[in-house]
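Novice: quick one: sequence plus predicted model below, questions after.
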Amino acid sequence: MEKSSKIYVAGHRGMVGSAIVRELQQQGYTNLIVRTHAELDLCRQDQVEAFFESEKPEYVFLAAAKVGGIMANQNALADFMYDNMILEMNVIHAAWKNGCKKLEFLGSSCIYPRMAPQPMPESCLLTSALEKTNEAYALAKISGLKYCEYLNQQYGTDYISVMPTNLYGPNDNYHPEHSHVLPALIRRFHEAKEAGLKEVVCWGDGSPLREFLYVDDLANLCVFLMNNYSGNETVNAGTGKEITIKQLAELVAKIVGFKGEIKWDTSKPNGTPRKLLDISKAAKLGWTYQTELEDGIAMAYDDFLNNETRTER
C-alpha cells in the first residue's frame, strides 16, 4: 500500500476496525474511507454495491461482524449466521466487481474444530466437527475465507484472511450478555467491587484454556500482512501463550481490585476445552506480538472506566 492509497476499513467503530484505523494513521496512511452503519448497511447489497462503485477503494480491511460470547451465540444462532454471511459476501463480492487491489478478511479462531490439534495450525480447518456453542458464527466466517480463496483461484485476486485468537482492548463490548469472556469479567468484577459484594460467580469450572491478543497488536499484524503476505491459506494471529479461565478471572480480579471470593457455576457450559493457535506462520513472516496480558488487561480496564457508553446495558 502507498501512504496515499484509498483504503476502506469496514467496521471502523468496532474494537478491531478502530484499532486498524489507529494503526494506519500512526503509520502515515492518509486516505482512509469509513462509513457508519447508518450511512452504509453492509447487509444491504444495493447499498454496498453503490458504495464500491462510487468510492472504488484500492484496499479493504473487512473487520465488520456481528459478534458475541457464548450466551449471545446460543440465543441467536440464525442471526449470527445470516448477518455475518450476508455482510461479508456483499463486501467481498463488491470489492471484486470493482477491481479492489487487495482485501483482507478478518475471521476468528472459532473456525477451527472443537477437538483440533493444539496448538491449532491453519491446515486443521474443516478436518472435524465445530464447537456447537458458536457453530453458526464459525460457519459464516469459514464461508467468508473460502469465498476469498475461491476468488483467488478463479479470478486471480489477491484476497487474504487473518484468524485472530480471543481479542481484547480499547472499544471492546462490555455488555453483560453479549460480551466475550475477558470484557465480561472486567465488568463483573468492577461492579462487584463497586457494590461491595463478597463473591462473584463465573460460568463453567474455570478449566478451559484460552489465548488472548491485545487488539492493537492484531491491527499491527493486519497492516503488516496487507503489505507483506499473499496466499490462499489463512494466517493465525495470537501470542502462542495460554491461560485457564480460572487464572484469567483471578488476574482480572487483581487488576480491578476485587477482594472477594470467586465461585464457579458448573451447570453453565465451558465451551471449547482448549484454543491455542499455532502462530509459526506469522513468526516466519517476521511478526510478533508486543503486549503482555497483564499490561493489556490494565489498559483495557482503563478503557472501560473512561468510556461510559461501553458499560451500558
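Specialist: Looks like it came in fine.

Novice: alpha carbons only for contacts and neighbour counts from here, please
Specialist: Will do.

Novice: in the stretch 1-150 of the chain, which spans are helices?
Specialist: 15-26, 45-55, 70-75, 77-97, 135-155 (DSSP state H, counting those that start in this stretch).

Novice: next, the angle from the last one to helix 77-97.
Specialist: What it means is helix 135-155. If you take axes from the mean of the first three to the mean of the last three CA atoms, to 10 degrees, helix 135-155 sits at 20 degrees to helix 77-97.

Novice: what helices and strands are in contact with helix 135-155?
Specialist: helix 77-97, strand 102-106, strand 159-164 (3 or more CA pairs under 8 Å, 6 or more residues apart in numbering; DSSP states H and E).

Novice: touching the first one from outside, list them.
Specialist: Helix 77-97 is touched from outside by 42-45, 48-49, 52, 57, 60, 62, 64-67, 73, 103, 134, 136-137, 139-141, 143-144, 147-148, 157, with contacts defined as CA atoms under 8 Å, 6 or more residues apart in numbering.

Novice: how about low-confidence regions in the stretch 51-200 of the chain?
Specialist: 67-76, 178 (pLDDT under 70).

Novice: relative to Glu250, how far out is the closest residue to Glu211 other than its chain neighbours?
Specialist: In space, and not counting its chain neighbours, Glu211 is closest to Glu242: 4.5 Å by CA to CA, 6 or more residues apart in numbering. Distance of Glu242 to Glu250, given as CA to CA, to the nearest Å: 14 Å.

Novice: which one of the helices of the stretch 1-150 of the chain lies closest to Gln290?
Specialist: Closest of the helices of the stretch 1-150 of the chain to Gln290 is helix 15-26, at 13.8 Å (criterion: CA to CA).

Novice: and stretch 13-26, how far out from the chain's middle?
Specialist: Its chain's C-alpha centre and that of stretch 13-26 lie 12 Å apart, by CA atoms, centre = their mean, to the nearest Å.

Novice: so which bits of that stretch are buried?
Specialist: Buried residues in stretch 13-26, counted by 16 or more other CA atoms under 10 Å: Arg13, Gly14, Met15, Val16, Gly17, Ser18, Ala19, Ile20, Val21, Arg22, Glu23, Leu24.

Novice: any idea how far the third one is from Gly107?
Specialist: The spacing between Met15 and Gly107, counted by CA to CA, is 14 Å.
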